[in-house]
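Peer 1: with the input below, show me the fold.
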Amino acid sequence: PAPGLDCLIIEAAGPPDIELALSFCDASGKEITEMDAYRLEKSETIVRLRQAPGKFLIKVIASSGTDHDQPYTLTARKPDKPPATAEEVGRALVKALDHIASRQQEDGSWPDYEQAFTGLAIQAFIGGKCVARDYTDKIRSGLDFLRSKFTSGSSFPAGSEEAAKNGGLFGIQGSHQMYEQAIATLSVIEALVDLNDPALEPIAEEAVQLIIRAQNTENKPETLKGPIPADSPHYGSWRYETDYVDGDVSVSAWQILTLRAAVNAGFTVPDRVFTAAAKYVRSMHGADGSFGYDTPAQNGESCARAGMGAMSLQLCGFPKDPLIAPAIRFMQDHGPIWNLEYPGNGYPFYYWYYATRVMYMAGGEDWRVWKDYMCRFLVDNQNERGDWNGSRQEESEDLEIYRTAFGALMLEFCCGHVPVYMSPPRRKVP
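Peer 2: Next comes the predicted model:
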């Protein structure tokens, strides 16, 4: 009935070892969304946010196995709990931040992808101002670690290939380097603003210039295999390393986010950088509202990339871009289900992280409904020690800090923290 529902949860379950597929259809029987996650041990679930009023049909198919002697259940319902209270969010955030703090190593880093995870931990601590904890010492020791991994361009001959590739780099070149570069740089920018520490300015400036230099445009230097012509399908993008000449939406989204933070912190980033990046992101848009990964596709088929694409366009300076609304609807049609990105490639925390930011910037009912659902969702699924379990591509124990930091960074939106890259300009660099 009108006016619709903030949240509609549909669940189908059958006997053990019976694989079910679940579809949500319009009144004519045409499929709108489907769920077939191949999870024999659990029910199939569809979550739809901001569900419009109307007549709809639900289709359940046993896609493998049959058992006519055991019961099957089908439920369509609203959430069974109210939105999380401020006290519940605060307790969950303290547990997450304390857990992250307990994992810091003697050198100030966090294990595994050290530059990236140290950057995420620093960002989580900076965003935790709504709880009665002081993590300043953790932030400063993390920054000391990042300083120890930073290479200034002055270490190399001016104009050399080494200076172009490594000047301003955190860590060393490698398969995840531009991910780590963006996240580490972002954490330094956030700390620069939060701590008002001018000693971080030259590090942030060089790191930002490296990201700009690595973008695949006509301004990319020959030492990084540029220039890249405007008619290249990779024009405006970034990839894993500074001298790669192809691109993907995931790596590019992190660079866009970090460069917007740089602008809001007073650094200079030419408008052409954002214009070119937006051109690339638009080229990856699919008819379903999501975005392709590294090549254009008819359908993007990824909740995470719907968030990456929409947020990239928002932060590139196009908050009313016509591709954003379909991406938001795509994510609302495939609302968060615990530890599942469907459709997608198995990165639910990645999806939830980007979607939370997209919905916040969209504002209004999009944000209210997402916030109410997501904060309860995170509170209820948190482990007692403060972390969250992972699955599929995010299941590895090595990604514990990644999951916990992302969880904290989402909870912080529930208590009002907004990071630098989503804020009005916060300072000017002298």
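Peer 1: pretty sure residue 391 sits against residue 339.
Peer 2: Yes. Residue 391 is within contact range of residue 339, at 4.0 Å (criterion: Cβ atoms under 8 Å). Using the backbone N, CA and C atoms, a C-beta is placed for each residue, glycine as well.
Peer 1: need the overlap of contacts for these two.
Peer 2: residue 348 (Cβ atoms under 8 Å, 6 or more residues apart in numbering).
Peer 1: pick out whichever of these two has more residues nearby.
Peer 2: residue 339 (18 against 15; other Cβ atoms under 10 Å).
Peer 1: check contacts around the spatially closest residue to residue 366 that is not a sequence neighbour.
Peer 2: Nearest residue to residue 366, sequence neighbours excluded (Cβ to Cβ, 6 or more residues apart in numbering): residue 359, at 5.0 Å. Residues near residue 359 by Cβ under 8 Å, 6+ apart: 328, 331, 366, 367, 370, 371.
Peer 1: if I look at the second one, how far off is residue 145?
Peer 2: Summarising the geometry, the distance separating residue 331 from residue 145, computed by Cβ to Cβ, to the nearest Å, is 35 Å.
Peer 1: those two: which has the busier surroundings?
Peer 2: Between residue 331 and residue 145, residue 331 has the larger neighbour count (other Cβ under 10 Å), namely 26 against 22.
Peer 1: you'd agree that one is in a helix?
Peer 2: Yes. Assessed with DSSP: H, G, I helix; E, B strand; the rest coil, residue 331 lies in a helix.
Peer 1: quick one: contacts for it?
Peer 2: Residue 331 neighbours (Cβ under 8 Å, 6+ apart): 49, 303, 306, 307, 351, 355, 358, 359.
Peer 1: mind doing that once more with 10 Å?
Peer 2: 49, 289-290, 303-304, 306-307, 310, 351-352, 354-355, 358-359, 366, 370 (Cβ atoms under 10 Å, 6 or more residues apart in numbering).
Peer 1: and residue 181, how many neighbours?
Peer 2: Count around residue 181 with other Cβ under 10 Å applied: 30.
Peer 1: again, but for residue 325
Peer 2: 14.
Peer 1: again with residue 50
Peer 2: The burial count for residue 50: 19, using other Cβ under 10 Å.
Peer 1: on the three-state scheme, it is what?
Peer 2: strand.
Peer 1: pretty sure it contacts residue 335?
Peer 2: Yes. Counting by Cβ atoms under 10 Å, residue 335 is a contact partner of residue 50 at 9.2 Å.
Peer 1: now list whatever residues contact both of these two.
Peer 2: Joint contacts of residue 50 and residue 335 (Cβ under 10 Å, 6+ apart) are 7, 8, 369, 370.
Peer 1: how about low-confidence regions in the stretch 101-250 of the chain?
Peer 2: Within the stretch 101-250 of the chain, no stretch falls below the threshold (pLDDT under 70).
Peer 1: tell me where it has strands.
Peer 2: 150-151, 169-170 (DSSP state E, counting those that start in this stretch).
Peer 1: got those as a markdown table, with distance to residue 417 and mean neighbour count columns?
Peer 2: Shown next, in a markdown table, are the strands of the stretch 101-250 of the chain (distance: least, Cβ to Cβ, whole Å; neighbours: other Cβ atoms under 10 Å):
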| stretch | distance to residue 417 | mean neighbour count |
| --- | --- | --- |
| strand 150-151 | 26 | 20 |
| strand 169-170 | 24 | 26 |
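Peer 1: what comes up buried for stretch 114-124?
Peer 2: Neighbour counts over stretch 114-124 (16 or more other Cβ atoms under 10 Å) mark 114, 115, 116, 117, 118, 119, 120, 121, 122, 123, 124 as buried.
Peer 1: identify, from those, the entry nearest to residue 151.
Peer 2: Closest to residue 151 out of the buried residues of stretch 114-124 is residue 115 (11.7 Å), distances taken as Cβ to Cβ.
Peer 1: picking up where we left off before, please flag which of the contacts of residue 331 sit within strands.
Peer 2: Of these, the ones assigned to strands by DSSP state E are residue 49.
Peer 1: among the buried residues of stretch 114-124, which one sits closest to residue 315?
Peer 2: residue 123 (15.7 Å).
Peer 1: farthest from the middle of this structure: give me that residue.
Peer 2: residue 69 (44.2 Å; Cα atoms, centre = their mean).
Peer 1: per-residue pLDDT, it?
Peer 2: At residue 69, the model reports a pLDDT of 76.
Peer 1: that one contacts residue 18, correct?
Peer 2: No. Taking contacts as Cβ under 10 Å, residue 69 lies outside contact range of residue 18: 11.4 Å.
Peer 1: my guess is residue 243 contacts residue 223, does it?
Peer 2: Yes. Judged on Cβ under 10 Å, residue 243 makes contact with residue 223 at a distance of 7.9 Å.
Peer 1: what is the burial count for the closest residue to residue 5 other than its chain neighbours?
Peer 2: Once flanking residues are discounted, residue 5 sits nearest to residue 51: 4.5 Å by Cβ to Cβ, 6+ apart. Residue 51 has 18 neighbours, counted by other Cβ under 10 Å.
Peer 1: contact partners for residue 51?
Peer 2: Residue 51 touches 4, 5, 6, 7, 8, 24, 332, 333, 335, 369, counting by Cβ under 10 Å, 6+ apart.
Peer 1: of all those, which two lie farthest apart?
Peer 2: 24 and 369 (17.4 Å).
Peer 1: one step back: how close does the residue nearest to residue 5 sit to residue 215?
Peer 2: On the measure of Cβ to Cβ, residue 51 and residue 215 end up 40 Å apart.
Peer 1: one more: residue 266?
Peer 2: In terms of Cβ to Cβ, residue 266 sits 21 Å off from residue 215.
Peer 1: where along the stretch 1-150 of the chain do the helices fall?
Peer 2: 86-102, 114-126, 136-148 (DSSP state H, counting those that start in this stretch).
Peer 1: list the buried ones in stretch 372-384?
Peer 2: 372, 373, 374, 375, 376, 377, 378, 379, 382.
Peer 1: and the furthest pair within the residues you listed?
Peer 2: 372 and 382 (17.0 Å).
Peer 1: got a list of what the residue lying closest to residue 217 once chain neighbours are set aside touches?
Peer 2: Sequence neighbours aside, residue 276 is the residue nearest to residue 217 in space, at 5.0 Å (criterion: Cβ to Cβ, 6+ apart). Taking Cβ under 10 Å, 6+ apart, we find residue 276 in contact with 215, 216, 217, 218, 219, 228, 230, 235, 236, 237, 270, 316.
Peer 1: before we move on, what about residue 223?
Peer 2: 159, 160, 161, 162, 163, 164, 165, 213, 242, 243.
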